[in-house]
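>>> everything below, folded, please.
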Amino acid sequence: MEALISPLHLQQILEQGLVGGLWSIDQFNRGVRPITLPRPGFLTEHPQFMDKAFRDMEAFHKAGHKVWL
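Next up is the predicted model:
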């Protein structure tokens, strides 16, 4: 079966969400196989994401998002 979204497009979605604070790498990949990882160049530019559990909550709040409990 062919994928609906290309691996490159998934990688782009992951990276945009990481810098926007929408999720961590672990959250993005929860329950899916194969997992999607950011490009090496992205990790060079944003080394904080070497920690797969890191979520940029500062960026999340700067974008005006709210946490709903």
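>>> OK, contacts around the residue nearest to Asp56 when sequence neighbours are not counted?
Nearest residue to Asp56 in three dimensions, chain neighbours excluded: Gly21, at 4.2 Å (Cβ to Cβ, 6 or more residues apart in numbering). C-betas here are computed from N, CA, C, even on glycine. By Cβ atoms under 8 Å, 6 or more residues apart in numbering, Gly21 lies in contact with 55-63, 65.
>>> can I get the CA coordinates of the worst-scoring helix or strand of the chain on mean pLDDT in PDB?
Sorted by mean pLDDT, DSSP states H and E, the helices and strands of the chain end with helix 57-62, the least confident at a mean of 92. Extracted C-alpha coordinates of helix 57-62, given in PDB (Å, rounded to 0.1, in the frame of the first residue of the first chain):
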ATOM      1  CA  MET A  57       6.800  25.300  25.300                       C
ATOM      2  CA  GLU A  58       8.100  28.800  25.100                       C
ATOM      3  CA  ALA A  59       7.500  28.800  21.300                       C
ATOM      4  CA  PHE A  60       4.100  27.300  21.900                       C
ATOM      5  CA  HIS A  61       3.100  30.100  24.300                       C
ATOM      6  CA  LYS A  62       4.600  32.800  22.100                       C
END
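>>> what about the residue lying closest to Gln48 once chain neighbours are set aside, how many neighbours?
Once flanking residues are discounted, Gln48 sits nearest to Phe54: 5.4 Å by Cβ to Cβ, 6+ apart. When neighbours are defined as other Cβ atoms under 10 Å, Phe54 has 15 of them.
>>> check Leu22 too.
Count around Leu22 with other Cβ under 10 Å applied: 18.
>>> tell me the pLDDT at it?
Note on Leu22: pLDDT of 95.
>>> and Leu4, by the same measure?
On the pLDDT scale, Leu4 is placed at 87.
>>> with Leu69 instead?
Leu69 is assigned 59 on the pLDDT scale.
>>> Gln11 now?
97.
>>> residues touching it, list them.
By Cβ under 8 Å, 6+ apart, the residues touching Gln11 are 36-39.
>>> so which helix or strand takes in it?
Using DSSP states H and E, Gln11 falls within helix 7-19.
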